[in-house]
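1. Here is the input, now give the coordinates:
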Amino acid sequence: MPTMTESARPATALAPAQVLIVDDHPILRHGIARLVEREGDFAVCAEAGSIGEALEVLQRHPVDLVVVDLSLEDQSGMDLIRTVRSRHPQARCLVLSMHDERLHAERALRAGARGYVMKQEATRKIVTALRCVRAGHIYLGEAIASDILARLAGVPAASEAGGDAAAMAMLSDRELEVLRLIGRGLKTGEIARNLHRSVHTVEAHRANIKRKLGLKTAGDLARAAFTLEQGR
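-> Modelled structure (predicted):
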């Protein structure tokens, strides 16, 4: 069950924004909650370790901001972001993830997120990002923001020099989700159940991933998936 917490804050010009922390690692989740709770303009109303728990909170509690990781108990945080956008549009999502923003930030924005922060960043950036998103803006790190602007301007982005990141960028959002779940050790049938797709569809995704990444064997695919999931 999601963990609800009460927080008394001194009066400010705006009522404290109600923040939901969604991460499947309890120690990390609690640490983020403590960081956010130190700020007078935020109150952590709940913590959740899975999409199901997060949706339960959203159904019964007013939430302004959702801090979400992309990997959640064999699920994709992207699915939660899409659901929040469609069912709870008053809540704004900020991704806090270990995974490379060059590969995931634009995908998260397309899904409905309003910002992306890597866990390796300084903790002060999390609070800065939350304030930015609360104000109705988009928050991105300087490097990925520069890349996006470069593409809009029709000039080569710094991260497009080739290599694994460029190859991964060819994958569709669903193919990337399948690859990540492979990296977490799930079998084809488990991935199908997790994504509510048929085994045949997942097998087709696996074949497309291998073709796009130039992989020959199932072992090659597993190694690529593990590397992606480890954030390397």
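
2. When you work out contacts or count neighbours from here on, use the C-alpha atoms and nothing else.
-> OK.

3. and T83, how many residues sit next to it?
-> Around T83 there are 16 other residues, counting by other Cα atoms under 10 Å.

4. Locate it within the secondary structure: which element?
-> helix 77-87 (DSSP states H and E).

5. Which elements pack onto the helix or strand just after that helix?
-> With elements assigned by DSSP H and E, the helix or strand that comes after helix 77-87 is strand 92-97. Helices and strands touching strand 92-97, by 3 or more Cα pairs under 8 Å, 6 or more residues apart in numbering; DSSP states H and E, are strand 65-68, helix 77-87, strand 115-118, helix 123-134.

6. what's the closest of those to L35?
-> When the helices and strands packed on strand 92-97 are compared by Cα to Cα, helix 123-134 sits nearest L35, at 7.9 Å.

7. If I look at A46, what pLDDT would I see?
-> Here, the pLDDT recorded for A46 equals 96.

8. Would you mind listing the buried residues in the longest helix along the chain?
-> Counting residues, the longest helix in the chain under DSSP state H turns out to be helix 199-213. By 16 or more other Cα atoms under 10 Å, the buried positions in helix 199-213 come out as 202-203, 205-210, 213.

9. Report the two of these separated the most.
-> V202 and L213 (16.4 Å).

10. Need the pLDDT of the spatially most central residue of the chain.
-> For the chain, the residue nearest the mean C-alpha position is L70 (3.2 Å; Cα atoms, centre = their mean). What the model reports as pLDDT for L70 is 89.

11. How much space separates it from G185?
-> Distance, L70 to G185, by Cα to Cα, to the nearest Å: 16 Å.

12. can you list the residues that contact stretch 51-70?
-> For stretch 51-70, contacts defined as Cα atoms under 8 Å, 6 or more residues apart in numbering pick out 1-2, 17-23, 45-48, 72, 75-78, 80, 88, 90-97, 99, 130, 134.

13. Can you say which helix or strand has T227 in it?
-> helix 218-229.

14. mind listing what's buried in the helix or strand containing I148?
-> If you go by DSSP H and E, I148 is part of helix 142-152. Under the neighbour-count criterion of 16+ other Cα under 10 Å, helix 142-152 has 144-145, 147-148 buried.

15. Likewise for stretch 14-33?
-> Quick answer for stretch 14-33 (16+ other Cα under 10 Å): 16-24, 29, 32-33.

16. Quick one: end-to-end distance for it.
-> Counting by Cα to Cα: the opening and closing residues of stretch 14-33 are 20 Å apart.
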